[in-house]
Each structure stands twice: as structure tokens, then as C-alpha cells.
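> need a structure here:
(one chain, ligands or ions: 1)
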Amino acid sequence: MQTEKIKISGMSCGHCQAAVEKSIKSLNGIVGLEVLLKEGQAQVSFDESKISLKDIRASIEEAGYSVDN
Ligand SMILES: [Cu+2]
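The predicted model follows:
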């Protein structure tokens, strides 16, 4: 298992936070997730044999938010 912190910009309210959570949770291989609205950050734990950080970042961008790192 791998845990990464991802900087996200564009989240301004609870709906944004929920949208990011939903898009990441819909991915196969996510083990743990915490999205922090104020910090603009997500901490994601995932099974790297099933999914890559790149896929997670892509899903955040598909939901309409920008990934900073
Ligand atoms: Cu919002």
C-alpha cells in the first residue's frame, strides 16, 4: 500500500470536497481517503498494484479541480 498527499486547487465548499471524494472513491484500489477542504489537500492510500497516483490525479482533474503536485 502507498500513501500520498495531493495538493488540489479549486475546492471552495463542501460540495467541491464531496465531488473530489466521490471521484476518488469510485476508483478501484483506493484503501483510504481524507479530503481536507481548507488545506486544499487529499491524503490517499491505495493499492499500487491496482491503481497509480497518475490515475488518481486524473480523476480529480476529471471532476473539475486542479492538481498542484
Ligand atoms: Cu464547492
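> Ser66 reaches Ser9, doesn't it?
Yes. Contact criterion Cβ atoms under 8 Å: Ser66 and Ser9 qualify, at 4.6 Å. C-betas here are computed from N, CA, C, even on glycine.
> out of the two, which sits in the more crowded spot?
Comparing Ser66 with Ser9 by neighbour count (other Cβ atoms under 10 Å), the higher total belongs to Ser66, at 13 against 10.
> give the contact list for the more buried one.
Residues near Ser66 by Cβ atoms under 8 Å, 6 or more residues apart in numbering: Ile8, Ser9, Gly10.
> Distance of it relative to the ion?
According to Cβ to the ion, to the nearest Å, Ser66 stands 14 Å off from the ion.
> May I see the buried residues of stretch 12-22?
By 16 or more other Cβ atoms under 10 Å, the buried positions in stretch 12-22 come out as Cys16, Gln17, Ala19, Val20.
> Distance to the ion and pLDDT added to the residues you listed, as TSV?
What follows is the buried residues of stretch 12-22, written out as TSV (distance: Cβ to the ion, whole Å; pLDDT from 0 to 100):
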residue	distance to the ion	pLDDT
Cys16	3	98
Gln17	7	98
Ala19	7	98
Val20	10	98
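> Can you add secondary structure and give those residues back as JSON lines?
Listed next are the buried residues of stretch 12-22 as JSON lines, based on DSSP: H, G, I helix; E, B strand; the rest coil:
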{"residue": "Cys16", "secondary structure": "helix"}
{"residue": "Gln17", "secondary structure": "helix"}
{"residue": "Ala19", "secondary structure": "helix"}
{"residue": "Val20", "secondary structure": "helix"}
